[in-house]
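*Asks:* Generate a structure from the sequence data that follows.
(2 chains)
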Amino acid sequence: MSQSTDLLQGTLDLLILKTLALEPMHGWGVAQRIQQVSNDALQIGQGSLYPALYRLEYKGWIKSEWGTSENNRRAKYYRLTAAGRKNLEAELADWDRLSAAITLVLGRTAKVSS
Amino acid sequence: MTEFLTRLRFLLFRKRRDELDEELRFHLEQSIAAKMAAGLTAEEARRQALIDFGGVERAREQCEQERPGLWIDTLLRDVRYSLRILRKSPWFTATVVVTLALGIGANTAIFSVVNAVLLKSLTYPDADRLVNFLRPSAVIANNLHDILEFHFFERQTKIFKEVVAFDAAGPGYNLTGGHPEQVHGIHVTEGYFRVYGAPVLLGRTFTPQEDSPNGGKVVVLSYGLWQRRFGGNPAIVGKSLSLGNEAYTVVGVIGKDFVADPQADLWLPFQFDPVSTDMNHFFYTTGVLQPGVTVAQANAELLAASPGFHREYPILVPQRFTVGPLRDSIIGDARNSLLMMLGAVGLVLLICCANVANLLLVRASVRKREFAVRSALGASRARIVRQLLTESVLLSIAGGILGMALGFAGVRALLALSPVELPRVGEGGSAVVLDWRVLVFTLAVSLLTGILFGLFPAFSALRSDLNFALRESGNRSGIGIHQEKTRSLLVISEVSLALVLLIGSALLIRTFIVLHGVDPGFDPRNVLTMEMSLNGPRYQTAAGVSELLKNGRDRLNALPGVEVAAAGYWLPVDIEDAAAFQIAGRPVRRDCCGSKWMSISPGYLSVFRISVLRGRDFNENDNATAPPVVLINEAFARKFFPNKDPLGQQIRHWGRDETIIGIAPDIHDNGLDMPADALIIAPIAQVSDSYTAATSNIQPLIWLVRTHGDPHQYLSAITEQLRIASDGFPVAHVRTMDEVMGYSTARQSFNMLLLSIFGAVALALAAVGIYGLMAYSVAQRTQEMGIRMALGADRSVIRKFVVWQGMRLVLVGVAAGVVASFGLTRLLSNFLFGVKPWDPAVFTSAPLILVAIALFAVWLPAARASKIDPMQALRME
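*Replies:* Predicted coordinates:
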């Protein structure tokens, strides 16, 4: 039904961090948000999502705690930590630099993303 | 930093596995709900959600892998598994561990000696700033200096923080009173203890006042002497003891573990007169460089300051003064021997690795099924390889521990038994210890070894065809061509390495034999040597000494059983004294002349059955009132009188003309492997008084007695007569000349012994390796041989076939080994004497020996192969 685009690990981490920067959410919420904001272009499956979330948690960039979801189910919510927030800024700056460089090499004009 | 702490926290507190399951369950439900909200039925929503969801196991695994510290878990699991596997086949494990213990243990043994001699820093304070004063001049080549030069060095305060002097050797001191005993003692300047970091146990060392003229008779004792002779008396400081019948006060005792060269039982102050011009007293000098001054700078400064010194003392022959690091002179040429040993022992280890790799390959082929099953259950290839490597490393660590214990014990035993003197190893090898360097070395060698030979079965496991292996018959057939090739290659390399070691040790053995065949130029049999210290006022003049000689010789010659007795200051194999002289009747040259020199009593030459070639030997008439005479040797005649008859010519020495009255044959005065030096021999009775005094203060007199038959039976009679003649002096260091000769070749025999042991071990290992390969190969191909025999092949044909299979490998290995040896034996040329590095006898006999032993190793499995019952073989599964 849907094709999951093969994203680099680091890029996925960046997406998750940015998403969590807005507000704490559970895994499903993160995947949905990314899908919506990218106009269905990026669909993250559980096979990539949860390992990435665990990885970020082991690094100490996000924190998890059990809570209740919108429909009264038990779900694990993730939030950004102070370290995660700092790293997010750094990663965003790196990303900007990187994509600008790639755009130059490929000779494409930068498309403004919504 | 916080990241590290977080990781640490998760390392210690694991997440519960069901947390992830619950999360995934929630995710799935949300997915279903979203699809239902988009309009699908409950069933359809669930179906599609499940498809979207994908396999959960992979996610679980990946989350698990993200966990920090996972590798420790995996490692522990591998280790536990490996231990289980190894325990299951105890004989195999034991064989491998013992083989490795041999290889690693030998390496540890040699390395611990290398550590003690070459690597450990000198224990003296500021060790890297300590330098020796050298005398590289060609005329008199030794590193001794006299008092004028010493004061000159002291004045170079820009370069040297401190300069100290100490005797090269002692004459021996007679502790009289009670039972007389001769002990080692040397003179030192008061800074010696400070510079060499001697620990003071009791009292103190000399003050500057005591180390000046009229400083009194004071002495510092060593720990050993204090314990041995004075029972460790804690109140010894201030007491007096009797040296050469004079009273000396003990001012201090030095603590244990003070290792210095030369070793001494007691120390006396030089008490130098700052304005003395006595040039007959020679000693060693050591300096401490000022901080920031390098050896090169020091040498440059000395070169600049030397002309000033020589202007002040024009009578001295100009010298180039240089300094060199103290370390170098202590280690000397032990470095070469030790490095050679290290290389040899490395080769032995490689052979061990090859053997073990072979053994492991055999096991790997047997375990094919195990690998196939594990692979089918999901273990990645990397995982299997990792586990095999873990096994290998465990084996080699076990071998390493065992080997370290064996090697260390072995080397201590060897050093205690062997007479060789390696510098810095301490009494009987006591300074060779298991310190951190040796432990790290052994650990590193074990790890590398384990990984090295572990790669072989690991790669073999990677190559295994899993489907094939899972079938019933997978155990027996199909070793795999590749594995056969690998094992053959291993055997070939084993054989060639063993040959290299064999050739090396054969060369050293030949050198040893040649050395022993060298005619030393004299007859050392049945000659007894012993030292007597002439320390004391009576022997400060030539007259005093020659009276002692006359009394002693008369008494000894009167003893039944004594053929002839004499005395001198040097033994023929080790003459270290030198003299500067001019040839009379020739123009004076500043850069000439110097030669070795020694003084003897009449009868010295007869003791060693040396016949004067031309002219005559000394006799009793050559005394202080007679005209001075000397003997020279052939080397001297060749060097200084190439075209003229030296007999009757004169040399100018000590301000007088000395006549050459005889020419003696060359003797090997510098060890059997060096050519003879030019030598002047003078009668003791005619030596100048000042030189006699200096000699009596530096060196012991050596009594030499040739007896009828074994000298030991006359020992007590001889020492008794000498005691009477010298008015109570004891003798020390009683050795037969044969024993002395043994010491001079001790270094070579030690090298030879060790290398031969390595060669023998290598040979045994290679033989075992060949046998193992052949036996296994025969066992594998039993069915094939059965078929051959059923088809009519003769038993002897089978035997020949197996033998040829094996010998083919051996011959290739021998060829490779010979080629390698041509290249490598060049490295041995320092140790060879009278034998070329490509000596044809060795290069033919060593391969023959190896081939013979290999033939024997191959014969056994071949014989077994020929006994196969074809019917049995065909039925074998």
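*Asks:* Can you read off the pLDDT for the most centrally placed residue in chain A?
*Replies:* Chain A has A:Ile16 as the residue nearest its centroid, 1.8 Å off, counting by C-alpha atoms, centre = their mean. Confidence at A:Ile16, expressed as pLDDT, is 92.
*Asks:* Surely it touches A:Ala52?
*Replies:* Yes - counting by C-beta atoms under 8 Å, A:Ile16 touches A:Ala52, with 6.0 Å between them. C-beta: built from backbone N, CA, C; applies to glycine.
*Asks:* which residues sit in contact with the residue nearest to the centre of chain A?
*Replies:* A:30, A:34, A:49, A:52-53, A:56, A:62 (C-beta atoms under 8 Å, 6 or more residues apart in numbering or on different chains).
*Asks:* ok, so of these, who is nearest B:Arg808?
*Replies:* Using C-beta to C-beta, A:Ala52 comes nearest to B:Arg808 of those, at 59.2 Å.
*Asks:* For the nearest residue to that closest one once chain neighbours are set aside, what are phi and psi?
*Replies:* Leaving aside its chain neighbours, A:Ala52 sits nearest to A:Leu12 (5.1 Å; criterion: C-beta to C-beta, 6 or more residues apart in numbering or on different chains). Summarising the backbone geometry of A:Leu12 under the convention degrees, to the nearest 10, its torsions are phi -60, psi -40.
*Asks:* how near is A:Leu12 to A:Arg85?
*Replies:* Counting by C-beta to C-beta, to the nearest Å, the separation of A:Leu12 from A:Arg85 is 18 Å.
*Asks:* ok, those two, which is more surrounded?
*Replies:* When neighbours are counted by other C-beta atoms under 10 Å in any protein chain shown, A:Leu12 comes out ahead of the other of A:Leu12 and A:Arg85, with 20 against 13.
*Asks:* my guess is that one contacts A:Ser48, does it?
*Replies:* Yes - when contacts are counted by C-beta under 8 Å, A:Leu12 is listed as touching A:Ser48 (6.3 Å).
*Asks:* near chain A, which residues of the stretch 301-450 of chain B?
*Replies:* Taking C-beta under 8 Å from any C-beta of the partner chain, no part of the stretch 301-450 of chain B reaches chain A.
*Asks:* Run the chain-centre distance for the helix or strand hosting the residue nearest to the centre of chain A.
*Replies:* Counting by DSSP states H and E, the element that carries A:Ile16 is helix A:9-22. Mean C-alpha position of helix A:9-22 versus that of the full chain (C-alpha atoms, centre = their mean, to the nearest Å) differs by 2 Å.
*Asks:* What of stretch B:834-843?
*Replies:* Using C-alpha atoms, centre = their mean, the mean C-alpha position of stretch B:834-843 is found 24 Å from that of the whole chain.
*Asks:* which parts of that stretch are buried?
*Replies:* Going by neighbour count (16 or more other C-beta atoms under 10 Å in any protein chain shown), the buried part of stretch B:834-843 is B:835, B:837, B:839, B:842-843.
*Asks:* okay, those residues in TSV with secondary structure next?
*Replies:* As requested, the buried residues of stretch B:834-843 are arranged in TSV below (DSSP: H, G, I helix; E, B strand; the rest coil):
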residue	secondary structure
B:Val835	coil
B:Pro837	coil
B:Asp839	coil
B:Val842	helix
B:Phe843	helix
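*Asks:* Closest to chain A out of those residues?
*Replies:* Taking C-beta to the nearest C-beta as the measure, chain A sits nearest to B:Pro837 out of these, at 60.3 Å.
*Asks:* so B:Asn535 touches B:Thr176, yeah?
*Replies:* No - in this structure, B:Asn535 is not within contact of B:Thr176 by C-beta under 8 Å, at 10.4 Å.
*Asks:* Quick check: phi and psi at the closest residue to chain B within chain A.
*Replies:* Taking C-beta to the nearest C-beta as the measure, the point where chain A comes nearest chain B is A:Gly60, at 3.2 Å. Geometry field for A:Gly60 lists phi and psi as phi 90, psi 10, criterion degrees, to the nearest 10.
*Asks:* residues near it, how many?
*Replies:* Applying other C-beta under 10 Å, we find 20 residues neighbouring A:Gly60.
*Asks:* What sits closest to it if chain neighbours are left out?
*Replies:* The shortest distance from A:Gly60 to any residue that is not its chain neighbour, by C-beta to C-beta, 6+ apart, is 3.2 Å, and that residue is B:Thr6.
*Asks:* That neighbour - that's part of a helix, no?
*Replies:* Yes - checked against three-state DSSP, B:Thr6 lies within a helix.
*Asks:* Quickly note the distance from it to A:Pro51.
*Replies:* B:Thr6 sits 17 Å away from A:Pro51, going by C-beta to C-beta.
*Asks:* Likewise for A:Lys18?
*Replies:* The span separating A:Lys18 from A:Pro51 equals 18 Å under the rule C-beta to C-beta.
*Asks:* How about B:Arg747?
*Replies:* When B:Arg747 is compared with A:Pro51 (using C-beta to C-beta), they lie 66 Å apart.
*Asks:* Please report phi then psi for the nearest residue to B:Arg652 once chain neighbours are set aside.
*Replies:* Ranked by C-beta to C-beta, 6+ apart and with sequence neighbours excluded, the top spatial neighbour of B:Arg652 is B:Gln582, at 4.4 Å. Torsion angles at B:Gln582 (phi, psi; degrees, to the nearest 10) stand at phi -120, psi 150.
*Asks:* can you check B:Pro234 too?
*Replies:* According to degrees, to the nearest 10, the main-chain angles of B:Pro234 amount to phi -70, psi -10.
*Asks:* okay but it is in contact with B:Leu202, surely?
*Replies:* Yes - applying C-beta under 8 Å as the test, B:Pro234 and B:Leu202 come out as touching, 7.0 Å apart.
*Asks:* which one of these two has more residues nearby?
*Replies:* B:Leu202 (20 against 11).
*Asks:* On the strand side of things, show who the more buried one bridges to.
*Replies:* Judged by DSSP bridges, the bridge partners of B:Leu202 are B:Val253.
*Asks:* Over to B:Phe166?
*Replies:* According to DSSP bridges, the partner residues bridging B:Phe166 are B:Val188, B:Tyr284.
*Asks:* more crowded one of A:Lys18 and A:Pro51?
*Replies:* Using other C-beta under 10 Å, the more surrounded residue of A:Lys18 and A:Pro51 is A:Pro51, with 22 against 17.
*Asks:* quick one: which helix or strand includes the more buried one?
*Replies:* Assigned by DSSP H and E, A:Pro51 falls within helix A:46-59.
*Asks:* what's the angle from the longest helix belonging to chain A to helix A:9-22?
*Replies:* Longest helix in chain A by number of residues (criterion: DSSP state H): helix A:82-106. Using axes from the mean of the first three to the mean of the last three C-alpha atoms, to 10 degrees, the interaxial angle of helix A:82-106 with respect to helix A:9-22 works out to 130 degrees.
*Asks:* Would you mind listing what in chain B touches chain A?
*Replies:* Going by C-beta under 8 Å from any C-beta, the residues of chain B near chain A are B:2-3, B:5-7, B:10, B:15, B:19-20, B:22-24, B:26-31, B:33-34, B:48, B:51-56, B:58-59, B:62-63, B:65-68.
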